[in-house]
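Engineer: need coordinates for the following:
(chains A and B)
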Amino acid sequence: MAHKPRFKEVNVLKRSLFVLALFGLLASVSTFALAEEYVPGTPMKVGFIYVGPIGDYGWTYAHNVAREAVEALPWAETVYVENVAEGEEEAFIDDLITLGCDVVLTTSFGFMDGTVDAALKHPDKIFGHASGFKRAPNLMTYMADFYQVYYLNGIVAGALTKTNKLGYVGAFPIPEVKRHLNAWAMGAKAANPDAEVHVRWIEAWFDPGAAAEATEALIAEGCDVFAFTEDSPTVVQVAAQSDLMSFGHYGSQMYTFAPDYVVSGQAIDWAAIYVDFLTKVYEGEYTAHNIQNVDYWWLMTQGAVYPEASPGVAINPLYIDALKAYMIDDPVYGAISAYDLHNLRFAQFADPGVTFDPFQGPIYDRKGNLQVPEGFLLTVDSLITLEWAFENVVGPWPGEPD
Amino acid sequence: MTWESWIVATVSRTLAYGTPLLLATLGEIYAERSGVLNLGVEGMMVVGALSAFAVAYTTGNPWLGVLVSAAVGGAFSLIHAFASVTLRANQVVSGLALTMLGLGLSGVLGRRWEGWPLLTPVKEVSVPVLGKIPVLGPALFEGQNLLVYVGMALAVVLWFVLYKTRIGITIRSVGEDPATADSLGVNVSRVRYLCVLVGGILAGVAGGYLSVAYRPSWTDGMTAGMGWIVIALTIFAFWNPLLGMVGAYFFAMLFHLSFRLQAWLAPELLKTMPYVFAIVVLVLVSKGTLQKRMGAPSALTIPYSRGED
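Structural biologist: Numbers count the residues shown, from 1 in each chain, chains lettered A, B, ... in the order given. Predicted coordinates:
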């Protein structure tokens, strides 16, 4: 009579299938266990996916500063992953979920599709995507946009330039960057009708070498004031090496690289958005089922963005006298100094009623098309899909409509 | 824009961006000439960059930083030498491992140095009389720093050593036919160790140049792939230091021009320009006959041990 086979005597195929089935069961049990929805009022774990290093002193640095503000909340605990390449975020999001995160926030436009897929895969977890436009019942989008701040910086740039050539080092020719560039150009035109904005693209968010050479190329073209979208202080440094002015990007930490040449800059406080959103999740107002229409589009009124040269200082004191002396002939306000116009627009942007918008018509693009008729404003949807270039922009503009 | 200002700006930026490429290429040429393929250049450059910055920042002396970057790059390369020459491991794997180690280590250790501008970078120098030559003067002799001229001088010196001295013949013979060299009394191991060390030192200095002169500061991963370009340039140079200089400067020129020319050509197209050039050259070079004639060291990547074939 044959004895009952021991496990190790059962043939290999059957053994393997059994082990696989066991794993499958364990895996499904574990994901089932993880599919717990967050209970309002209990400790919350928040995961952050960063596209660059915290030390970029730019975009990712700003998000990390805000994450630390979240960590300081008594009921929140945070984890983060740096340097996640766009397109590879899904695996990292899954990792964060496995670590027990209730909320995952992905901080780059290029993470959009991965975040959408993850939101569909984990319907009981909450997701947030920065600078995107696709949402789901458990996926919201958020953005703190700079265009008002760029307009203010543009006024300053237009007033201070001696060569009437402003230089912009752009990352990717996407609507976000184009919108900021155009706002800067519009502010410059308001102060100085002869100013031109020359642009060069480096096709990367982070590439110090490319940013350095692009800046040098613009310097060779005669530009003397610089703004940029690149996640390092390179443009500031390179401009300063040639004694040229610049506007810091993402905060006043860039000021330390050239205290004599950073005139102002675009500063951001992501914590304003994070704390607002996470508090609403904590209180149960936002859940994994009702954030389909949550789209933070926060500007100066909400304190999410503001012009800043160094901490607490909007304009570098070295340049205030020059700005006061520069007179503008404004169609509405008459003779007004650049300094006063800057402060006036600042107040209008910060006002809860937002009584002025740079994108109010009539606005012509550089091909002569009327993009915004008189008496109209651009909606948020138009702003986030903007592709045209303003009148005084000079240089390559991939994706320009006819 | 006048053509003179175009030339001045282009030449000036070519020298600035081409110097780290040149220094690292010279080092890699020597390593490969002795028969050892060093794919760890990127890792050595980045640890060199971090150590140079850290030392320059704390001591206020950028040249001390450059010295330390040389030492650190050299020390790193000794790991590769040990693995490739003594242990006779696969050189490709060893090199790649060192690149990853270098990038990771510098990323972690460099945290504390991120975001600090270097207030004492390498100073710009202007050569007094030569700087006044029309057009070429400002292009070549003003606003550069000492390391640029060191690079150019090194290219000439290293070419001379490689082709006109006994040491050079020894190195080349070790790379072509180590068995014969060994039978003639050459210490193959020692030559290879020293050449890899030279490669590591120069890669370290190239990295140091980036963080202490070119863009004085440290950022995680700041070499941004330069090490890989160096490896391609070594082949483009046909393992000849002078051609290495030509290649490094040519690549740097294309890189700079890719931003200048954006006013007329699509940025995406221009961004690929330097890399397309590298690919074209590599394709041409890897065609069999060309390689045989122009002489890749025959024993490249092949570990040597006495008595084995």
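
Engineer: only C-alpha atoms, please: export stretch A:254-268 in PDB.
Structural biologist: The C-alpha coordinates for stretch A:254-268 follow below in PDB (Å, rounded to 0.1, in the frame of the first residue of the first chain):
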ATOM      1  CA  MET A 254      18.100  81.800  -3.500                       C
ATOM      2  CA  TYR A 255      18.700  85.200  -2.200                       C
ATOM      3  CA  THR A 256      21.800  84.000  -0.300                       C
ATOM      4  CA  PHE A 257      23.400  83.100  -3.600                       C
ATOM      5  CA  ALA A 258      23.600  86.700  -4.800                       C
ATOM      6  CA  PRO A 259      22.300  89.200  -2.200                       C
ATOM      7  CA  ASP A 260      23.200  92.200  -4.400                       C
ATOM      8  CA  TYR A 261      21.500  90.900  -7.500                       C
ATOM      9  CA  VAL A 262      18.300  89.200  -6.400                       C
ATOM     10  CA  VAL A 263      15.700  91.900  -6.800                       C
ATOM     11  CA  SER A 264      12.700  89.900  -5.800                       C
ATOM     12  CA  GLY A 265      11.300  86.500  -6.600                       C
ATOM     13  CA  GLN A 266       8.400  84.100  -6.500                       C
ATOM     14  CA  ALA A 267       7.900  82.600  -3.100                       C
ATOM     15  CA  ILE A 268       5.400  79.900  -2.200                       C
END
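
Engineer: can it be said to contact chain B?
Structural biologist: Yes - interface with chain B: stretch A:254-268 contributes A:Thr256, A:Phe257, A:Ala258 (Cβ under 8 Å from any Cβ of the partner chain). Backbone N, C-alpha and C define where each C-beta goes, glycine included.

Engineer: B:Leu284: helix or strand, and which one exactly?
Structural biologist: Assigning secondary structure by DSSP states H and E places B:Leu284 in helix B:267-286.

Engineer: downstream of whichever helix or strand A:Phe18 is part of, the next helix or strand is which one?
Structural biologist: For A:Phe18, the host element (DSSP H and E) is helix A:12-34. Past helix A:12-34, heading to the C-terminal end, the next element that is a helix or strand (DSSP H and E) is strand A:44-49.

Engineer: ok, longest helix in chain B?
Structural biologist: Across chain B, the longest stretch assigned as helix under DSSP state H is helix B:3-33.

Engineer: name the nearest of the residues of stretch A:254-268 next to chain B relative to chain B.
Structural biologist: Nearest to chain B among the residues of stretch A:254-268 next to chain B is A:Phe257, at 4.2 Å by Cβ to the nearest Cβ.

Engineer: ok, back up a step: in the longest helix of chain B, which residues are buried?
Structural biologist: For helix B:3-33, burial by neighbour count (16 or more other Cβ atoms under 10 Å in any protein chain shown) applies to B:8-33.

Engineer: keep those, but drop any that are not near chain A.
Structural biologist: Restricting the buried residues of helix B:3-33 to those adjacent to chain A (criterion: Cβ under 8 Å from any Cβ) gives B:Ala9, B:Arg13, B:Tyr17.

Engineer: what sits against the residue of the stretch 1-150 of chain B found nearest chain A?
Structural biologist: Residue of the stretch 1-150 of chain B nearest chain A, by Cβ to the nearest Cβ: B:Glu114 (2.8 Å). Going by Cβ atoms under 8 Å, 6 or more residues apart in numbering or on different chains, B:Glu114 touches A:Pro53, A:Ile54, A:Gly55, A:Asp56, A:Tyr57, B:Trp218, B:Thr219, B:Asp220.

Engineer: sorry, back to before: distance between the longest helix of chain B and the chain's centre?
Structural biologist: Between the mean C-alpha location of helix B:3-33 and the chain-wide mean there is a distance of 10 Å, by Cα atoms, centre = their mean, to the nearest Å.

Engineer: how about stretch A:73-93?
Structural biologist: With Cα atoms, centre = their mean, you get 16 Å for stretch A:73-93.

Engineer: which residues touch it?
Structural biologist: Applying Cβ under 8 Å, 6+ apart, the contact partners of stretch A:73-93 are A:42-54, A:60, A:64, A:67, A:70-71, A:95-96, A:99, A:101, A:104, A:106, A:108-111, A:114-115, A:117-118, A:127, A:275, A:278-279, A:282, B:220-221.

Engineer: can you show me the CA trace of it as CSV?
Structural biologist: Coordinates of each C-alpha in stretch A:73-93 appear next as CSV, following Å, rounded to 0.1, in the frame of the first residue of the first chain:
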residue,chain,number,x,y,z
LEU,A,73,0.5,69.0,13.4
PRO,A,74,-0.2,66.8,16.4
TRP,A,75,-2.3,64.3,14.5
ALA,A,76,-0.3,63.9,11.3
GLU,A,77,2.8,61.8,10.5
THR,A,78,4.6,62.1,7.2
VAL,A,79,6.9,60.1,4.9
TYR,A,80,8.4,61.1,1.6
VAL,A,81,10.3,59.7,-1.4
GLU,A,82,12.7,61.9,-3.4
ASN,A,83,13.9,61.8,-6.9
VAL,A,84,11.0,59.8,-8.4
ALA,A,85,11.2,60.0,-12.1
GLU,A,86,8.1,61.0,-13.9
GLY,A,87,6.4,57.9,-15.2
GLU,A,88,7.7,55.7,-12.4
GLU,A,89,5.6,57.1,-9.6
GLU,A,90,3.1,54.3,-9.4
ALA,A,91,5.4,51.8,-7.8
PHE,A,92,6.4,54.3,-5.2
ILE,A,93,2.7,55.3,-4.5
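
Engineer: outline the domain layout of chain A.
Structural biologist: For chain A, whose domains are defined here by automatic domain parsing, the residue ranges read A:44-144+A:270-298, A:147-267+A:306-394.

Engineer: any chance of those in TSV with mean neighbour count and mean pLDDT as columns?
Structural biologist: Compiled in TSV, those are given as follows (neighbours: other Cβ atoms under 10 Å in any protein chain shown; pLDDT from 0 to 100):
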stretch	mean neighbour count	mean pLDDT
domain A:44-144+A:270-298	20	92
domain A:147-267+A:306-394	21	91
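
Engineer: which non-adjacent residue is nearest the residue in chain A positioned nearest to chain B?
Structural biologist: With distances taken as Cβ to the nearest Cβ, chain A approaches chain B most closely at A:Gly55, which sits 2.8 Å away. The shortest distance from A:Gly55 to any non-neighbouring residue, by Cβ to Cβ, 6 or more residues apart in numbering or on different chains, is to B:Glu114 (2.8 Å).

Engineer: quick check: angle from whichever strand or helix holds B:Arg192 to helix B:3-33?
Structural biologist: Secondary structure assignment for B:Arg192, by DSSP H and E: helix B:188-209. Calculated by axes from the mean of the first three to the mean of the last three Cα atoms, to 10 degrees, helix B:188-209 forms an angle of 150 degrees with helix B:3-33.

Engineer: quickly check: helix B:188-209 near chain A or not.
Structural biologist: No - residues of helix B:188-209 contacting chain A under Cβ under 8 Å from any Cβ: none, with a closest distance of 12.2 Å.

Engineer: for that helix, buried residues please.
Structural biologist: Buried residues in helix B:188-209, defined by neighbour count with 16+ other Cβ under 10 Å: B:188-189, B:191-209.

Engineer: hang on, A:Gln302 packs against A:Ala272?
Structural biologist: Yes - counting by Cβ atoms under 8 Å, A:Gln302 sits close enough to A:Ala272 to count as a contact (6.1 Å).

Engineer: residues of the stretch 51-200 of chain B that sit close to chain A?
Structural biologist: For the stretch 51-200 of chain B, the residues in contact with chain A under the definition Cβ under 8 Å from any Cβ are B:Gly107, B:Gly110, B:Arg111, B:Glu114, B:Gly115, B:Trp116, B:Pro117.
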